[in-house]
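Q: The following comprises the amino acid sequence and a computationally predicted model.
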Amino acid sequence: MTQTGIRPGTAQQPTTPSGATDPRRSLLLLMAVATGLSCAGNYVAQPLLDLISRDLHLGSVLAGLVVTASQAGYALGLMLLIPLGDVMDRRRLTVLLFSATALFLTVSALAPSGPVLLVGTVLAALTSVGAQVVVAHAAALASADTRGRVVAVVMSGVLLGGLLARTAAGGLSELGGWRTAYWVLAVLMAVAAVALHRTLPQLAVTAELRYPALLRSTLALLREEPVLRRRALLGALSLASYSVQLTALTFLLSGSPYHWSAPAIGLFGLVGAVGVVTMTFAARLGDRGHAQKVTGGGAALLVTGWLLLLAGQSSLLWLAIGVVVLNVGQQAVLNSSQTVLYALRPEARSRINSAFMTSFFLGGALGSALASVVWAAAGWTGVSTLGAALAAGALAVWTWERTR
């Protein structure tokens with residue numbers, strides 16, 4: 001992408017040979033923190049459900065719908081809002097979405113009843129896809145030979161936001177009840193919106209389409225781009241495998257032989273942060289032309305991780321190692337897939353991201369649902385078999401892609 005669309009007065013870095021401008025480290029850090037905050041809102045309720053249920057006098061079913069509402073809202077945002085990044089100034093779209101998320105988190109913080117909380121949750125999740133707009137913006141700012149690393153840095157914020165939100169929400173609830181977490185996050189989102197407005201470069205709009213045509217063109221990309229179809233399937237299977245672990249791990253650690261408390265389980269989940277650290281290494285390999293190998297290695301690690309997790313049924317050490325290996329594999333598959341896809345059509349990056357991330361997210365939702373059913377029927381052995389089978393499916397899709 002050329003720099004003709006950069007807003008006058010915006011500080012610029014030296015232009016790379018490819019014609020793109022690599023963002024400064026300070027800007028990348030801001031983008032990573034902002035995406036983490038945006039995604040955190042989708043997880044903040046999970047450790048607070050018991051407190052919310054008692055305060056608002058909700059039944060267990062209605063309290064559980066808070067998490068479902070967040071997932072549904074995010075899925076809608078991926079499909080309906082992300083494509084706008086190709087027809088609107090992404091800087092403006094980002095600020096609007098972050099500001100809206102701050103407003104809807106405030107609605108949740110003030111909620112006097114369950115229905116109001118559900119509405120606030122759905123709307124906040126809907127607009128939280130502003131994080132993915134920032135990711136696409138980072139890809140547009142980067143040169144071809146550094147795009148993978150730039151995207152990896154920003155995506156690390158997305159992943160850490162999800163991991164840290166549960167722990168932070170639990171701690172904040174100790175200070176002033178469950179509403180405190182929502183208030184703090186709403187304020188931080190408003191601050192992030194102001195900071196992004198002041199610092200994000202403004203790039204030229206890459207397409208001129210009306211909204212219905214924009215959505216149709218997103219579906220058309222799936223038909224026209226076989227690489228996008230294969231990567232969407234591969235991503236869905238990989239996140240489905242990963243989500244099986246996220247869901248079933250709570251069941252395992254809360255029962256025999258571990259009998260851990262909810263806060264302890266939340267802290268154990270931070271072991272997965274090691275996978276985020278390895279994203280940059282995988283991205284560097286991708287930038288050097290090895291994205292396909294990184295994907296295959298990541299899919300193989302997913303299968304290996306489940307073999308280790310099977311032994312973790314009675315060994316905390318093997319369980320921790322398996323979680324780390326699974327996280328490393330998942331981040332390798334995700335980052336290398338984004339490296340491949342962002343190189344397809346620069347003028348349609350937001351729509352490509354929408355198609356891929358929607359498939360990716362739906363795969364995760366399917367994995368979570370299957371994990372609950374399989375756990376009830378076959379316990380940890382059944383769950384490990386399911387996760388390994390999904391990971392093997394991702395490896396098979398990669399093998400198919402290599403033959404193409």
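A: Arrived safely. From a predicted model like this one, the values you see are computed outputs, not experimental measurements.

Q: Just give the nearest non-adjacent residue to M88, would you?
A: Distance criterion CB to CB, 6 or more residues apart in numbering; nearest residue to M88, sequence neighbours excluded, is V205 at 6.7 Å. For glycine as for every other residue, the C-beta is placed from the backbone atoms N, C-alpha and C.

Q: Surely V44 touches T180?
A: No. V44 is beyond contact range of T180, at 10.4 Å (criterion: CB atoms under 8 Å).

Q: what helices or strands is the one helix or strand A232 maps to leaning on?
A: Per DSSP states H and E, A232 falls inside helix 226-254. Counting contacts by 3 or more CB pairs under 8 Å, 6 or more residues apart in numbering; DSSP states H and E, helix 226-254 packs against helix 211-224, helix 262-268, helix 291-311, helix 316-342, helix 349-403.

Q: and G73, which of those helices is closest to it?
A: helix 349-403 (11.4 Å; CB to CB).

Q: Now do the SS call for the residue nearest to M88.
A: coil (DSSP: H, G, I helix; E, B strand; the rest coil).

Q: can you tell me how far it sits from A140?
A: Distance, V205 to A140, by CB to CB, to the nearest Å: 11 Å.

Q: can you pull the buried residues of the helix holding A232?
A: By 16 or more other CB atoms under 10 Å, the buried positions in helix 226-254 come out as 228-253.

Q: From the chain's centroid, how far away is it?
A: 12 Å (CA atoms, centre = their mean, to the nearest Å).

Q: That one to helix 211-224, inter-axis angle?
A: With axes from the mean of the first three to the mean of the last three CA atoms, to 10 degrees applied, the angle from helix 226-254 to helix 211-224 works out at 90 degrees.

Q: and the residue nearest to M88, what does it touch?
A: Shown in contact with V205 (CB atoms under 8 Å, 6 or more residues apart in numbering): G5, D86, V87, M88, D89.

Q: and which of those residues is nearest R349?
A: So of those, ranked by how close each gets to R349 (CB to CB), first place is D86, at 7.1 Å.

Q: Quick check, the closest one in contact with A204.
A: No. Taking contacts as CB under 8 Å, D86 lies outside contact range of A204: 11.0 Å.

Q: More neighbours: those two, which one.
A: Between D86 and A204, counted using other CB atoms under 10 Å, D86 has the larger neighbour count: 25 against 12.

Q: Break down the stretch 51-200 of the chain into its helices, ranges please.
A: 60-80, 90-110, 114-127, 130-141, 147-176, 178-199 (DSSP state H, counting those that start in this stretch).

Q: Include mean neighbour count when you put these into a markdown table, please.
A: Shown next, in a markdown table, are the helices of the stretch 51-200 of the chain (neighbours: other CB atoms under 10 Å):
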| stretch | mean neighbour count |
| --- | --- |
| helix 60-80 | 18 |
| helix 90-110 | 22 |
| helix 114-127 | 22 |
| helix 130-141 | 27 |
| helix 147-176 | 21 |
| helix 178-199 | 20 |
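
Q: who wins for proximity to A389 among these?
A: helix 60-80 (23.0 Å).

Q: residues making contact with stretch 57-77?
A: So stretch 57-77 is in contact with 41-43, 45-46, 49-50, 52-53, 114, 117-118, 121-129, 358, 361-362, 365, going by CB under 8 Å, 6+ apart.

Q: per-residue confidence averaged over that stretch?
A: Regarding stretch 57-77, the rounded mean pLDDT is 78.

Q: likewise stretch 252-266?
A: Throughout stretch 252-266, pLDDT has a mean value of 78.

Q: try stretch 197-216
A: Here stretch 197-216 scores 87 as its mean pLDDT.

Q: mind checking the end-to-end distance for that stretch?
A: Start-to-end span of stretch 197-216 (CA to CA, to the nearest Å) is 30 Å.

Q: Save the helices of the stretch 51-200 of the chain as CSV, and put in distance to L222 too.
A: Output for the helices of the stretch 51-200 of the chain, formatted as CSV (distance: least, CB to CB, whole Å):
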stretch, distance to L222
helix 60-80, 12
helix 90-110, 22
helix 114-127, 22
helix 130-141, 17
helix 147-176, 21
helix 178-199, 30
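
Q: Which one, of these, ends up nearest to V340?
A: helix 147-176 (9.4 Å).
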